[in-house]
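> sequence plus predicted model, see below.
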Amino acid sequence: MDLSLFTVSIEAFEVVGHTLTLGYAVMAASLLYFILTKNSNMPKYRMSSVLSVVVMVSALLLLYTQKQSWTAAYAFDATAGKYVIREGAELFTNGFRYLNWMIDVPMLLIQILFVAGIAGVAFRKYLFQFSVSGVLMIITGYIGQFYEPGRVAENMTAWLVWGFISTVFFVWVLVLITRVIREGKKNMAGSKAKGIFGAILPLFYVSWFLYPGAYLMPALMSLGVVDYEFAIVAQQLTYTAADIGSKVIYGAMLNISSTILSNEQGFSE
Ligand code: RET
């Protein structure tokens with residue numbers, strides 16, 4: 001295997017390191033935000049904040065290990081003036097992310113049900129469908145990423161087929177979330193929370209689509225459009241932006257909606 005193909009410039013190495021650090025710093029700060037604002041909401045909405053806390057802790061740990069894994073995988077080569085894969089060390093992998101999503105994806109999908117005011121049979125139905133579609137989307141994508149172009153076990157067909165199966169479950173998630181947000185807006189008729197709650201839909205679409213986008217990036221490298229360094233930097237930047245959107249901004253919008261709804265129902269801390 002020609003390791004010289006897998007070199008990264010000093011700038012690229014640092015940008016990825018800084019981005020991953022920013023990622024876990026944001027999760028740490030947001031963890032405090034969700035804990036400290038939980039009681040501004042009526043008890044019936046608080047489970048949404050609790051689930052944001054679960055998501056923050058799990059993402060914080062993941063992004064921290066992701067940063068450690070990045071630093072451990074490369075060594076500086078003074079002759080070349082670049083970072084090269086450190087022989088004998090573990091390779092940098094995105095695999096841990098997928099396992100983190102297995103926890104976070106169902107939590108993120110379920111937390112909105114509390115704010116949308118979905119209860120009873122409908123709640124149980126969404127809980128079940130969100131868990132099944134979310135987990136299957138991640139497991140199939142996890143299998144696919146082992147075959148990612150640029151990896152030792154690279155296999156374009158297997159990578160695309162598993163990615164496609166995962167996309168089918170992703171479409172199911174999108175159908176469900178669109179329905180939940182529509183029902184939530186109906187339940188918020190006449191409330192000031194409706195606007196911000198409704199704005200979650202475009203945020204959701206943009207931030208969740210970034211994940212399959214990042215999955216596809218190594219293909220650009222295989223096709224010769226970009227090099228290894230560009231693909232890996234773009235992928236980590238995309239994942240970080242997606243993580244901040246889908247976990248932190250999403251959670252904050254749910255929290256603000258809950259606080260407005262609580263105040264309108266006469267609740268004060
Ligand atoms: C994969 C594989 C390729 C096809 C598709 C994917 C979708 C991933 C998504 C992940 C969302 C993750 C979130 C994590 C938050 O913690 C698995 C990359 C469609 C949508 C929101």
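Good, I have the coordinates.

> residue in the stretch 101-250 of the chain nearest to the ligand?
The minimum distance from the stretch 101-250 of the chain to the ligand, using Cβ to the nearest ligand atom, falls at Gly141 (2.3 Å). The way it works is simple: take the backbone N, C-alpha and C, and place the C-beta from them, glycine included.

> okay, the closest residue to Ser222 other than its chain neighbours: pLDDT?
Spatial nearest neighbour of Ser222, excluding adjacent residues (Cβ to Cβ, 6 or more residues apart in numbering): Pro149 at 3.7 Å. pLDDT recorded at Pro149 is 81.

> which SS state does Pro149 fall under?
The local conformation at Pro149, judged by DSSP: H, G, I helix; E, B strand; the rest coil, is coil.

> what is the neighbour count of it?
Neighbourhood size, Pro149 [other Cβ atoms under 10 Å]: 18.

> was I right to think it contacts Ala158?
No: with contact defined as Cβ atoms under 8 Å, Pro149 does not reach Ala158; the gap is 11.0 Å.

> measure the residue sitting furthest away from the middle of the chain to Thr7 for me?
Distance from the centre of the chain peaks at Thr79, with 37.8 Å (Cα atoms, centre = their mean). Separation of Thr79 from Thr7 (Cβ to Cβ, to the nearest Å): 12 Å.

> mind giving me the packing neighbours of the lengthiest helix in the chain?
What stands out as the longest helix in the chain, according to DSSP state H, is helix 156-187. Contacts defined by 3 or more Cβ pairs under 8 Å, 6 or more residues apart in numbering; DSSP states H and E place helix 156-187 against helix 95-116, helix 120-145, helix 193-198, helix 200-222.

> could you rerun that using 10 Å?
Other elements packing on helix 156-187 under the criterion 3 or more Cβ pairs under 10 Å, 6 or more residues apart in numbering; DSSP states H and E are helix 95-116, helix 120-145, helix 193-198, helix 200-222, helix 250-264.

> contact partners for Pro212?
Contacts for Pro212 (Cβ atoms under 10 Å, 6 or more residues apart in numbering) come out as Met137, Gly141, Gly163, Ser166, Thr167, Phe170, Ala242.

> can I get the helices and strands packed on helix 156-187 in JSON lines with mean pLDDT?
Formatted as JSON lines, these follow (pLDDT from 0 to 100):
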{"stretch": "helix 95-116", "mean pLDDT": "95"}
{"stretch": "helix 120-145", "mean pLDDT": "97"}
{"stretch": "helix 193-198", "mean pLDDT": "98"}
{"stretch": "helix 200-222", "mean pLDDT": "93"}
{"stretch": "helix 250-264", "mean pLDDT": "98"}
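
> out of the ones you listed, nearest to Ile177?
helix 200-222 (5.8 Å; Cβ to Cβ).

> quick one, the closest one and helix 156-187 angle?
Orientation of helix 200-222 against helix 156-187 (axes from the mean of the first three to the mean of the last three Cα atoms, to 10 degrees) gives an angle of 170 degrees.

> just the CA atoms of helix 200-222, as CSV, please.
C-alpha atoms of helix 200-222 as CSV (Å, rounded to 0.1, in the frame of the first residue of the first chain):
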residue,chain,number,x,y,z
ILE,A,200,-37.2,23.5,12.5
LEU,A,201,-38.3,21.7,9.3
PRO,A,202,-35.9,23.5,6.9
LEU,A,203,-33.1,23.3,9.5
PHE,A,204,-33.8,19.6,9.8
TYR,A,205,-33.6,19.0,6.0
VAL,A,206,-30.4,21.0,5.6
SER,A,207,-28.5,19.6,8.5
TRP,A,208,-29.5,16.0,8.0
PHE,A,209,-28.7,16.0,4.3
LEU,A,210,-25.2,17.0,5.2
TYR,A,211,-24.5,13.5,6.6
PRO,A,212,-25.1,11.6,3.3
GLY,A,213,-23.2,14.5,1.6
ALA,A,214,-20.2,13.7,3.8
TYR,A,215,-20.6,10.0,3.1
LEU,A,216,-20.3,10.7,-0.6
MET,A,217,-17.3,13.0,-0.4
PRO,A,218,-14.7,10.2,-0.7
ALA,A,219,-16.2,9.4,-4.1
LEU,A,220,-15.1,12.8,-5.4
MET,A,221,-11.6,11.6,-4.5
SER,A,222,-12.0,8.3,-6.3
